[in-house]
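Asks: no sequence on hand, only this structure:
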Ligand SMILES: Nc1nc2c(ncn2[C@@H]2O[C@H](COP(=O)(O)OP(=O)(O)O)[C@@H](O)[C@H]2O)c(=O)[nH]1
Ligand SMILES: Nc1ncnc2c1ncn2[C@@H]1O[C@H](COP(=O)(O)OP(=O)(O)O)[C@@H](O)[C@H]1O
């Protein structure tokens, strides 16, 4: 039987650096997992490309996807919908390849319910002051949105206990190395557990 891939979920508060860390991971030639491109109703930012950064949808199109059960999870975040295409995730895992999701915490919670065997990694800022600094220097938000995102961030950080691992994003390269090390270790651990189980069955 074809071995199933691992579902890796990277989440954490907005502005912590999820997008930055994910882009760095996928720019490295030795990265072997597949990135699941999300659907969103958010307008493209300058330089963003449909089908590369997101699949950009209208609200009507997105709600149609929800009613057709085409999303593994979805959440409304600061006035826009974001969601993960279920067919892509299932097909890629079934083909034996690891899938990487970079999503906010409400969505990650839904994925945990559907895929409890996934690997859930929470990206932490070094401090709340540094988090606010990152959101402000990114410069994509108005003052109101920044306040909103900081309030959401506090609630999001309280959800960290639901994750398998917490990784600090002090430096992007270090955070990437930690995430990759966790994935490698998790593969080894699961293989060992499986082999032990097979041995037990053979001994019967
Ligand atoms: N639940 C969910 N969240 C997503 C998905 N794709 C992206 N997000 C999250 O939505 C939030 C807003 O994303 P975005 O508008 O691109 O802004 P930024 O990542 O904060 O720069 C971030 O926390 C993303 O990680 C998705 O498919 N599902
Ligand atoms: N380790 C880091 N150190 C300093 N700044 C960072 C780091 N990681 C990300 N940033 C910066 O923080 C801001 C928010 O990062 P982003 O990837 O958009 O966050 P998220 O996707 O979690 O909302 C960006 O300006 C980014 O360049």
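Replies: Structure received. Model, not experiment: these values are computed from the prediction. Numbers count the residues shown, from 1 in each chain. Ligands and ions are numbered 1, 2, ... in the order given.

Asks: low pLDDT regions in the protein?
Replies: 1-2, 140 (pLDDT under 70).

Asks: where exactly do the strands run in it?
Replies: Per DSSP state E, the chain carries strands over the ranges 7-11, 34-35, 39-40, 55-56, 71-77, 80-85, 99-102, 119-124, 165-168.

Asks: which other helices and strands contact the longest helix seen in the chain?
Replies: In terms of residue count, the longest helix belonging to the chain (DSSP state H) is helix 172-203. Here helix 172-203 touches helix 18-27, strand 119-124, strand 165-168, going by 3 or more CB pairs under 8 Å, 6 or more residues apart in numbering; DSSP states H and E. C-betas here are computed from N, CA, C, even on glycine.

Asks: tell me which of the ones you listed sits nearest to ligand 1.
Replies: Closest approach to ligand 1 among the helices and strands packed on helix 172-203 (CB to the nearest ligand atom): helix 18-27, 4.4 Å.

Asks: residue numbers of the chain in contact with ligand 2?
Replies: Residues of the chain found near ligand 2 (CB under 6 Å from any ligand atom) are 14-20, 134, 137-138, 169-172.

Asks: which ones among those also lie next to ligand 1?
Replies: Okay, of the residues of the chain next to ligand 2 touching ligand 1 (CB under 6 Å from any ligand atom), that's 14, 18-19.

Asks: from those residues, which would you call buried?
Replies: The neighbour-count test (16 or more other CB atoms under 10 Å) marks 14, 18 as buried among those.

Asks: up against ligand 1, what does the chain have?
Replies: The chain has residues 14, 18-19, 38, 42, 73, 75, 77, 82-84, 102-104, 107 near ligand 1, with proximity defined as CB under 6 Å from any ligand atom.

Asks: smallest gap between this protein and ligand 1, at which residue?
Replies: For the chain, CB to the nearest ligand atom, closest residue to ligand 1: residue 107, 2.2 Å.

Asks: just the endpoints, please. Distance across stretch 158-174?
Replies: Start and end residues of stretch 158-174 are separated by 24 Å (CA to CA, to the nearest Å).

Asks: buried ones in that stretch, by neighbour count?
Replies: Here stretch 158-174 shows 159, 163, 165, 167, 169 as buried, counting by 16+ other CB under 10 Å.

Asks: between these, which is nearest residue 189?
Replies: Closest approach to residue 189 among the buried residues of stretch 158-174 (CB to CB): residue 165, at 12.1 Å.

Asks: ok now do that closest one, which residues does it touch?
Replies: Residue 165 makes contact with 119-122, 182, according to CB atoms under 8 Å, 6 or more residues apart in numbering.

Asks: which one of those sits closest to residue 194?
Replies: Each of the contacts of residue 165 was scored against residue 194 by CB to CB, and residue 119 proved nearest at 15.3 Å.

Asks: how much space between that closest one and residue 111?
Replies: Separation of residue 119 from residue 111 (CB to CB, to the nearest Å) stands at 11 Å.

Asks: who's in contact with the residue nearest the centre of the chain?
Replies: By CA atoms, centre = their mean, the chain has its centre lying nearest to residue 102, at 2.3 Å. Residues counted as contacts of residue 102 (CB under 8 Å, 6+ apart) are 10-11, 18-19, 22, 35, 38.
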